[in-house]
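Peer 1: Could you look at this predicted model? Sequence included:
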Amino acid sequence: MEGFFITFEGPEGAGKTTQIKMLEPWLASKGRQYITTREPGGTPLAEKIRDVVKHYNNSGEQVYDKTELLLFAASRAQHVHFLIRRELDAGKVVLCDRFTDSTLAYQGYARNGNIKFIEALNHYAVEGLKPNLTILMDLPPSSGRERTSHRPETQGVHDRLEAETLDFHEKVRQGYLELARKNPDRIKTVDASRNPEQIHVDIIKILEEQYEF
Ligand SMILES: Nc1ncnc2c1ncn2[C@@H]1O[C@H](COP(=O)(O)OP(=O)(O)OP(=O)(O)O)[C@@H](O)[C@H]1O
Ligand SMILES: [Mg+2]
């Protein structure tokens, strides 16, 4: 069986991790082998970069926008080269919590980075790999913030990017929607404001009806 690469995108608190957890047993019930991974991260080195990029906090030194962008790209190159490619070649479904579109939405659209350059950098990092399907979980930033501030796992503590203003997160959302308009075949948008079961049904429908799972 051929590998199949699914990425989950959307703002903090949209329910990406929740939906991936719900999709895992469904894939197993279909007899598909899968792995779940995340960005930034996914390999030991990439996870170290994740820790820096999410939690580096030193009042004497800010993380410069270009540094942030390059750290994400470095983590991604490592992740694709040593993990994702191998699992896809082995015929598995790869579920990835965030991927290239996050960099475009956050470092590109929200931080006013150079979109063309980020596209080229993404392409360089992933050596041309593209998700077969991207689920964009669309949610107003205020709802995402509300959800993560009650999240038991992190006890409401926000990381460096989560701590950005609502205005920043609105730009992230608009960036994602623009990406969905530009890539209608790959990116499927689901309304993430509903309950987890309804969203899960939408995602399964996409996989069954459009990808013959
Ligand atoms: N559809 C939903 N409706 C209400 N609450 C939800 C829904 N989906 C997830 N939640 C809850 O909201 C919080 C955030 O969900 P989750 O961690 O899955 O989001 P996420 O998109 O992975 O966020 P992040 O980008 O911060 O990792 C969790 O406490 C989760 O239980
Ligand atoms: Mg998550």
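Peer 2: Structure received. Ligands and ions are numbered 1, 2, ... in the order given.

Peer 1: For Arg32, the count of nearby residues, please.
Peer 2: 15 (other Cβ atoms under 10 Å). C-beta here means a position set from N, CA and C on the backbone, and glycine is covered the same way.

Peer 1: for it, helix, strand, or coil?
Peer 2: With DSSP: H, G, I helix; E, B strand; the rest coil as the basis, Arg32 sits in coil.

Peer 1: next one: Ile6
Peer 2: strand.

Peer 1: For it, give the beta-bridge partners.
Peer 2: Each beta-bridge partner of Ile6 is listed here, defined by DSSP bridges: Leu95, Leu133.

Peer 1: chain center to the helix or strand harbouring Ala46, what's the gap?
Peer 2: Assigned by DSSP states H and E, Ala46 falls within helix 44-55. Its chain's C-alpha centre lies 15 Å from the corresponding centre of helix 44-55 when counted by Cα atoms, centre = their mean, to the nearest Å.

Peer 1: now check that helix, is it near ligand 2?
Peer 2: No. Counting by Cβ under 5 Å from the ion, no contacts exist between helix 44-55 and ligand 2, the nearest distance being 11.6 Å.

Peer 1: try stretch 102-116
Peer 2: No. Contact between stretch 102-116 and ligand 2, assessed by Cβ under 5 Å from the ion, is absent, since the two come no nearer than 11.2 Å.

Peer 1: Check the offset of that stretch from the chain's centre.
Peer 2: Going by Cα atoms, centre = their mean, the spacing between the C-alpha centre of stretch 102-116 and its chain's C-alpha centre is 14 Å.
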